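Chemist: structure of the sequence below:
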Amino acid sequence: MKLKQLESLLGDLEQFSNPKVELEQYPTGPHIAARMLYTAENSFGDVTDKLVADFGCGCGTLGAAAALLGAEQVIAIDIDSQSLEIASVNAEDLELDINFIQCDIRNLEWRGQTVDTVVMNPPFGTRKKGADMDFLCVALKVASGAVYSLHKTSTRDHVKKAALRDFNASSAEVLCEVSEDGFAWS
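Modeler: Purely as a prediction, here's the structure:
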C-alpha cells in the first residue's frame, strides 16, 4: 500500500468527540500515524506478517495502520471503554480484524504469544507524571522486536536514557521529529 493511500484511509477514521483530559486523550493524526507505520514496515520490516500491539490505542489509528499494512494480527489495548468502542467501529468500517482488550497497561500480564512490534502514542505524562515511562516499560517487556512510540521533543533525551538504562532496550533512536514545518527524518 502506498503512503498516500494509507494516510487517506486513516483520515476517514472517527475520532474522539469528547477526549478525556485526565487520560490525556488526543487523536493520532493520519499524517503522523501513516508515516510512523509506513516507516516501521518499509525501512525495518516490523509490520507485515507480525503480531503488532497498539498500546493505549484510543481511536485505533495506529492499530488500523498496522492491519492495513499486512500485520498478521493486531491487538489494540486501552483502559477506556469508549475509546475501544470508537476503535472497534473504525476497524469494522475498514473491514479489519483487530482484537480489542480493555486493560490498564500498567496491569497488563502478557501470556502466550510474544508481540513482535508495539506501536503507541502514550500519554505524555502531563496529567500523571511518568505515564509515558509506564507505557514504555511495559512495551519493552513484551516486544520481541521493536517499539515505536511518540514522545514530546522536550522529553526525548530522558526517554532514550530510560529505555537503555532502566528498561534494557538494546537501542533507542529518534527516527523522526515533527515540527511546525513538517517532518524531519533522521
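
Chemist: now the spatially most central residue of the chain: phi and psi?
Modeler: By CA atoms, centre = their mean, the chain has its centre lying nearest to residue 120, at 2.0 Å. The phi and psi values for residue 120, taken as degrees, to the nearest 10, are phi -170, psi 150.

Chemist: could you find the closest non-adjacent residue to it?
Modeler: Using CB to CB, 6 or more residues apart in numbering and skipping the chain neighbours, the partner closest in space to residue 120 is residue 55 (4.0 Å). Heads up, the C-betas are built off the backbone N, CA and C, glycines and all.

Chemist: any idea what the residue nearest to the centre of the chain is bridged to?
Modeler: Partner residues in beta bridges with residue 120, using DSSP bridges, are residue 55, residue 149.

Chemist: all further residue positions should be reported with the first residue as 54.
Modeler: In the new count, where the first residue is 54, that last one comes out as residue 173.

Chemist: mind listing the strands for this structure?
Modeler: 104-108, 126-131, 151-155, 168-173, 196-202, 229-232, 235-238 (DSSP state E).

Chemist: give me whichever of those is most buried.
Modeler: Across those, the average number of neighbours (mean count of other CB atoms under 10 Å) peaks for strand 104-108, which reaches a mean of 28.

Chemist: residue 63 contacts residue 87, doesn't it?
Modeler: Yes: counting by CB atoms under 8 Å, residue 87 is a contact partner of residue 63 at 5.6 Å.

Chemist: circling back: adding distance to residue 161, write the strands of the chain out as a markdown table.
Modeler: Below are the strands of the chain laid out as a markdown table (distance: least, CB to CB, whole Å):
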| stretch | distance to residue 161 |
| --- | --- |
| strand 104-108 | 8 |
| strand 126-131 | 7 |
| strand 151-155 | 8 |
| strand 168-173 | 11 |
| strand 196-202 | 12 |
| strand 229-232 | 27 |
| strand 235-238 | 31 |
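
Chemist: perfect, I'm done here.
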